[in-house]
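I would like the atomic coordinates for the input below:
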Amino acid sequence: MKKTMIYAVSCLFAFFFVTALYAQDAKPWTIPDKYKTMKSTVKAGDADATALGKELWAKFCKSCHGSKGMGDGPKAAMLKTFPGDFSSAAFQKKSDGELYYMSFVGRDEMPNFEKKITAESDRWALIAYMRTMKK
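This is a model prediction of the structure:
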């Protein structure tokens, strides 16, 4: 029982240590003004757009960001920075345009997806799906 407790505490400490390292590497995004005011063309609750967004998520985003946007995808451990928790209030309060810029223009380890997801309607569908990840 004592060994189990020591193991559990060690694992918890390791988790918090790694989380702290990720937090240190995170730097704020600089979003150009033209993106800050962009509005999604997808209406909230549009089931077809959200379903399309889910398909795009599985194809392009899940490997790093995880199936539920928690930043725990299989490739996340190989990144220098934490891919983000899309369910967090901080993420969800970002404007549609900020999410658009972060998702499709990218920076550093977040690649540019403008040539992979070319249709504006697909891009907004993906953002609509990201909005479903809130806690």
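
worst-scoring helix or strand of the chain, pLDDT-wise?
Every helix and strand in the chain was compared by mean pLDDT, DSSP states H and E; the lowest is helix 2-25, with a mean of 44.

Quick one: residues contacting the closest residue in space to Ser95 that isn't next to it in sequence.
Using CB to CB, 6 or more residues apart in numbering and skipping residues adjacent in sequence, the residue nearest Ser95 is Lys36, 5.9 Å away. Backbone N, C-alpha and C define where each C-beta goes, glycine included. The contact partners of Lys36, taken as CB atoms under 8 Å, 6 or more residues apart in numbering, are Ser95, Gly97, Glu98.

What's the separation between Lys36 and Trp29?
11 Å (CB to CB, to the nearest Å).

do the same with Gly66
Distance of Gly66 to Trp29, given as CB to CB: 20 Å.

before we move on, what about Leu99?
Computed as CB to CB, the Leu99 to Trp29 distance reads 10 Å.

Compare those two (neighbour count), which wins?
Leu99 (23 against 14; other CB atoms under 10 Å).

Show me what the helix or strand harbouring the more buried one is packed against.
Assigned by DSSP states H and E, Leu99 belongs to helix 96-100. In terms of contacts (3 or more CB pairs under 8 Å, 6 or more residues apart in numbering; DSSP states H and E), helix 96-100 is packed against helix 33-36, helix 120-131.

Report the buried residues of the shortest one.
Of the residues in helix 33-36, those with enough neighbours to count as buried (16 or more other CB atoms under 10 Å) are Tyr35.
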